[in-house]
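>>> Need coordinates for the below:
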Amino acid sequence: MHEITSSLPPACDFNEVRRVEGFDRIREQYPDFLSDESKLTMGPFDLLFFPANESELSAVVKEMVRRNIPITVAGARTGLVGGCVPPEGALVSLAQMSKVLAVYHAPYAREWRIRAEAAVRLADIDKMAESKRFPDLEKSQDPFVIEQLRLYGGEQQRYFYPPDPTEMSASIGGSVATNASGARTFRFGPTRDWVRGIRVMTMTGEVLDIPRGKYFSSPSGWFTVYDGKGSCYPVRIPDYQMPRTKNTAGFYASPHMDLVDLFIGSEGSFGIITSVDIALLAWQPKCSIILFTESDERALHLVETLRSDKRLKLDFLEFYSSSAMDLLRDMQAGDPRHVGMPAIPESAGAAVFFDVGFDPLEEKPDFRALEESTASAGVYLADSWAGYEPRELARFKAFRHLLPEKITQVLSERKKTYPGLHRLSSDLAVPDEHLFDMWRLYRTQLDQAGFEWVAFGHVGNNHLHVSTMPRNMEELERGLRLYAQFAQKAAAYGGAVSAEHGVGKIKSKFLAKMYSADEINQMHAVKTALDPDMLLNPGNIFAA
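Sure thing, here's the model as predicted:
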């Protein structure tokens, strides 16, 4: 079925929606809304809205379209590419749309699911799934809600939401809009693989309710969307091939594709996600291990060995470069409590971090496969940290997130002197056979340029975050030119210019390095079919 009709939420008076008017007042009272984690700033913009539900959001959308005012949508503002930074017009914050609407069992899929509004944070989803406490639902009088809560609470099994973007304060709506991924994508795939349905508001102010598995493109690649008045919006899916890597650059496209996938990873280009249905997975005990190696190259050889060993079921494979280890050692020297881990060995030239299945009730856990695999790469389990108790696992996870937090702190301080400064971080992924090629390119070019940089991230998917911390605007400009070269090379290797963060405004220029002019025009046609006036999230993906 390739035809879907939208529906209109209950009417709401536009003047009843909470708002702030005037850029000076917005800047004074809500300065956090001027930027996101990328530290990009734009504007000025004159309107800031806080709709509490779909009805209020619909009223805002219809009025802004009537006035021909561009709309930028903000979630938790944790993005790294300036996606929710408004260049003009109105900013619509979904912060008040933060309720969990349901937890329910899907018997035909044999899985538990959560339905959540767009602004529910991933950390809260994890907490509720694990604790089996859902404050938004526990006062409900609905018999179905009460019964599902009882059944879920009675389960002996623990559950979790597998996608694990580095920033767990991100919202579920934002993570779906960017098809966010992270460490556990290595084993469990990106956000797309765990979305079971979405509700999306179009620029008519109406809502599309899209369960996965119901609406598919026609054999010739078309969807047809009808609004409540019977008007027709034909949408043709681009016919390009997706790269053989993690990818969030441009719109998803495949033959006979599911309509839900058109909106996942679209960066809000033609609809505002208001709620999402996501699947949970049974949790199994894990052991977290950080293996120290003598050099970056040895760590990458270890990665190739571990991921080729079919006996191992690793949830993720993460990398820390030698420069990253130096930065963490400096943090420990300044305040050991901030790092919260033992002293990093002086001999540690790099590190690889992973989780492996582990049953603490076994008298003699069998690590022979892991020992054999690491030893064949010239690395030994004796040179490692390991932990499996919940408190230890939490410390390991916090340690994994320290680097991006430190980089943000450094850039925030430098931004006081250079307001235009922002983060430079690669989000490139390449096929397996080009991991070493990209690493050599990064190291050689950045060292020759004299930049301050670290590399870390999802090496299991050949997806390293190479983060440069520019000291001034001149370095920022040189860095941008260099990162454009990196993107060109990644695309030439058959990779993606954005693997998990999206393109947003900062990296929209890189899209042409991965797609032809005709392919970008095909994306543009999808955008204008559903947002003919180009008012929604201007500057994202398509340069303003």
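>>> tell me the pLDDT at residue 166?
If you check residue 166, the pLDDT there is 69.
>>> Hmm, I typed the wrong one, I wanted residue 365.
Per-residue pLDDT puts residue 365 at 64.
>>> What of the one 5 residues further on?
With respect to pLDDT, residue 370 scores 91.
>>> Repeat that for residue 352.
96.
>>> elements contacting the worst-scoring helix or strand of the chain on mean pLDDT?
Across the helices and strands of the chain, mean pLDDT, DSSP states H and E gives its lowest value to helix 336-339, namely a mean of 77. Applying 3 or more Cβ pairs under 8 Å, 6 or more residues apart in numbering; DSSP states H and E, one finds that helix 336-339 makes contact with helix 322-334. The C-beta positions use only the backbone N, C-alpha and C, and glycine is treated the same way.
>>> List the buried residues of the helix it packs on.
Buried residues in helix 322-334, defined by neighbour count with 16 or more other Cβ atoms under 10 Å: 322-325, 327-329, 331-332.
>>> so what secondary structure elements neighbour that helix?
helix 336-339, strand 350-357, helix 402-415, strand 453-458.
>>> Which one, of the ones you listed, ends up nearest to residue 276?
Among the helices and strands packed on helix 322-334, the nearest to residue 276 by Cβ to Cβ is strand 453-458 (22.8 Å).
>>> Name every strand pairing with the closest one and say which way it goes.
Using DSSP bridges, strand 453-458 pairs in its sheet with strand 314-320 (antiparallel), strand 463-468 (antiparallel).
>>> Just say helix, strand or coil for the residue nearest the centre of the chain.
In the chain, the centroid-proximal residue (Cα atoms, centre = their mean) is residue 180; its distance is 2.4 Å. Following DSSP: H, G, I helix; E, B strand; the rest coil, the label given to residue 180 is coil.
>>> and the spatially closest residue to it that is not a sequence neighbour, how far is that from residue 206?
The shortest distance from residue 180 to any non-neighbouring residue, by Cβ to Cβ, 6 or more residues apart in numbering, is to residue 165 (4.3 Å). Distance of residue 165 to residue 206, given as Cβ to Cβ, to the nearest Å: 30 Å.
>>> cool, and residue 135?
The spacing between residue 135 and residue 206, counted by Cβ to Cβ, is 31 Å.
>>> So which of the two has more stuff around it?
Between residue 135 and residue 206, residue 206 has the larger neighbour count (other Cβ atoms under 10 Å), namely 22 against 10.
>>> Quick one: distance of the helix or strand containing residue 391 to the chain centre.
Under the criterion of DSSP states H and E, residue 391 resides in helix 390-400. What separates the centre of helix 390-400 from the centre of its chain is 21 Å, taken as Cα atoms, centre = their mean, to the nearest Å.
>>> what mean pLDDT would you report for it?
Rounded to a whole number, the mean pLDDT of helix 390-400 is 85.
>>> now stretch 56-73
97.
>>> Would you mind finding the most buried of the helices and strands packed on helix 322-334?
strand 453-458 (a mean of 26; mean count of other Cβ atoms under 10 Å).
>>> quick one: contacts of that one?
With contact meaning Cβ atoms under 8 Å, 6 or more residues apart in numbering, strand 453-458 is reached by 181-183, 185-186, 246, 296, 316-321, 323-324, 327, 403-404, 407, 439, 442, 446, 463-469, 499-500.
>>> Identify the bridge partners of the nearest residue to residue 111 once chain neighbours are set aside.
Nearest-residue entry for residue 111: residue 279, 5.0 Å, with adjacent residues in sequence omitted and distances by Cβ to Cβ, 6+ apart. Beta-bridge partners of residue 279, counted by DSSP bridges, are residue 113.
>>> Give me the phi and psi for residue 158.
Note on residue 158: backbone dihedrals following degrees, to the nearest 10 are phi -90, psi 150.
>>> Check residue 428 too.
phi -100, psi 150.
>>> OK, contacts around it?
438, 463-464, 486-487, 490, 495-499.
>>> ok, now with 7 Å
Contacts for residue 428 were tallied using Cβ atoms under 7 Å, 6 or more residues apart in numbering; they are 486-487, 490, 495-497, 499.
>>> Per-residue pLDDT of the residue nearest to residue 463 when sequence neighbours are not counted, please?
Leaving out its chain neighbours, the residue that sits closest to residue 463 by Cβ to Cβ, 6+ apart is residue 429, at 4.0 Å. The confidence metric pLDDT takes the value 95 at residue 429.
>>> who's residue 429 bridged to?
Beta-bridge partners, per DSSP bridges, of residue 429: residue 496.
>>> Neighbours of it, how many?
Neighbour count of residue 429, defined by other Cβ under 10 Å: 31.
>>> so how far is residue 514 from it?
In terms of Cβ to Cβ, residue 429 sits 11 Å off from residue 514.
>>> which residues do the two both contact?
residue 496.
>>> what's the neighbour count on residue 33?
Look at residue 33: counted by other Cβ under 10 Å, it has 22 neighbours.
>>> Ignore what I typed, I meant residue 239.
Using other Cβ under 10 Å, residue 239 has 12 other residues around it.
>>> For it, list the residues it contacts.
By Cβ under 7 Å, 6+ apart, the residues touching residue 239 are 221, 253, 522.
>>> So for the residue nearest to residue 344 when sequence neighbours are not counted, what's the pLDDT?
Closest residue to residue 344 apart from its sequence neighbours, by Cβ to Cβ, 6+ apart: residue 329 at 5.2 Å. Per-residue confidence (pLDDT) for residue 329: 89.
>>> how close does residue 329 get to residue 336?
For residue 329, the distance to residue 336 equals 11 Å [Cβ to Cβ].
>>> Map the structural domains onto the sequence of the protein.
Residue ranges for the domains of the chain, per automatic domain parsing: 3-93, 100-282, 286-387.
>>> Quick one: closest of those to residue 543.
domain 3-93 (10.4 Å).
>>> list the contacts for residue 368?
No residues are in contact with residue 368 under the rule Cβ under 7 Å, 6+ apart.
>>> per-residue pLDDT, the nearest residue to residue 305 once chain neighbours are set aside?
Nearest non-adjacent residue to residue 305, counting by Cβ to Cβ, 6+ apart: residue 377, 4.1 Å away. Residue 377 carries a pLDDT value of 91.
>>> My guess is the residue nearest to the centre of the chain contacts residue 193. True?
No. Look at residue 180 against residue 193 with Cβ atoms under 7 Å: they stay out of range, at 11.8 Å.
>>> so where do the helices sit in the stretch 1-150 of the chain?
23-29, 54-67, 122-131, 143-154 (DSSP state H, counting those that start in this stretch).
>>> So for residue 216, which of those helices sits nearest?
From these, taking Cβ to Cβ, the stretch that ends up closest is helix 54-67, at 25.3 Å.
>>> Report the buried residues of that closest one.
Buried residues in helix 54-67, counting neighbours by 16+ other Cβ under 10 Å, are found at 54-65.
>>> Can you tell me which helices and strands it packs against?
Secondary-structure packing of helix 54-67 (3 or more Cβ pairs under 7 Å, 6 or more residues apart in numbering; DSSP states H and E): strand 195-201, strand 272-279.
>>> pLDDT below threshold where in the chain?
1, 166, 363-365, 544 (pLDDT under 70).
>>> The lengthiest helix in it vs strand 463-468, what angle?
If you go by DSSP state H, the chain has its longest helix at helix 473-492. Note on geometry: by axes from the mean of the first three to the mean of the last three Cα atoms, to 10 degrees, helix 473-492 and strand 463-468 are set 160 degrees apart in direction.
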